[in-house]
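[1] 3D, please:
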Amino acid sequence: MTQFFADNSQIDRQANRVIITGDDYNHMKNVLRIRPGEEFSVRCPGEPAEYRCSVIEYTSSDAVCEIRFIKEDDTELPVSVTIYQGLPKADKFETVIQKCVELGACRVVPVRTARSIVKLDDKKAESKCARWNQIAEGAAKQSQRGIIPSVGPVMDFDEALEDSKDFEMKLIPYELAGDMASTRELMGRIKPGDRIGIFIGPEGGFESSEVDKASQAGFIPITLGRRILRTETAAMTVMSWLVYLME
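    Predicted structure coming up:
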């Protein structure tokens, strides 16, 4: 089912109305061509309620929609997951954003690491962030998330470690980590409500000095199995495990 996001100011619960404006209005009317009477979903970011709506009429600037019923259905994971992704090439990072948002991540933070191929100055990083957040919003709509996860800003390695200092669980997949039994045991400790930080290396992986520094900051090395995974596969693997464990 098609989903849109709306601010509280766009939802009139007493009148059972939702007003869709801006890019979503254009997408609804001219791209999807949603006709009056067709049902779609509207969410207010951060609220568990899902509003099932249909278009009453299109004006010159907005779509006036009727709230048919409200579905109390929280689609969020019971844990808050931040993916700290070592900057890969642009197309790979966009894949990471899209798939991790679909799987339930709350934030995706691009991180400059020693082996990152991509080098972004502040100006380029700012323009990239706008594009990345558009991808996150699209993935949130497609997967019917209750929130729009944020992407960015780009952090240095030490900034990312500081950003995650208060998390309850911090994991760093690393090819020289222990066996799968210890990884299963560690992930079994995760509880609903935990904030989880996951550090993912770029195409060339982490330098051993970075893993040592992360370990000193409380990150625990884990294995993702006997095979070496691409950077865009690693984040999706951990997110898939969390979906299995927590849902």
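
[2] low-confidence ranges in the protein?
    For the chain, the stretches with pLDDT under 70 are 73, 121-122.

[3] same for the longest helix seen in the chain, what does it pack against?
    In the chain, taking DSSP state H as the definition, the longest helix is helix 122-142. Packing partners of helix 122-142 (3 or more C-beta pairs under 8 Å, 6 or more residues apart in numbering; DSSP states H and E): strand 3-5, helix 90-103, strand 107-112, strand 150-151. Any C-beta I mention is one placed from the backbone N, CA and C, and that applies to glycine too.

[4] which other residues reach it?
    2-5, 90, 93-94, 97-99, 101-102, 108, 110, 120, 145, 147-154 (C-beta atoms under 8 Å, 6 or more residues apart in numbering).

[5] and those, which are buried?
    3-5, 93-94, 97-99, 101-102, 108, 110, 120, 145, 147-152, 154 (16 or more other C-beta atoms under 10 Å).

[6] excluding its backbone neighbours, what's nearest Pro192?
    Nearest residue to Pro192, sequence neighbours excluded (C-beta to C-beta, 6 or more residues apart in numbering): Pro78, at 3.8 Å.

[7] is it fair to say the one you found lies in a strand?
    No. Using DSSP: H, G, I helix; E, B strand; the rest coil, the secondary structure at Pro78 is coil, not a strand.

[8] For it, grab the count of nearby residues.
    Residues within reach of Pro78, counting by other C-beta atoms under 10 Å, total 14.
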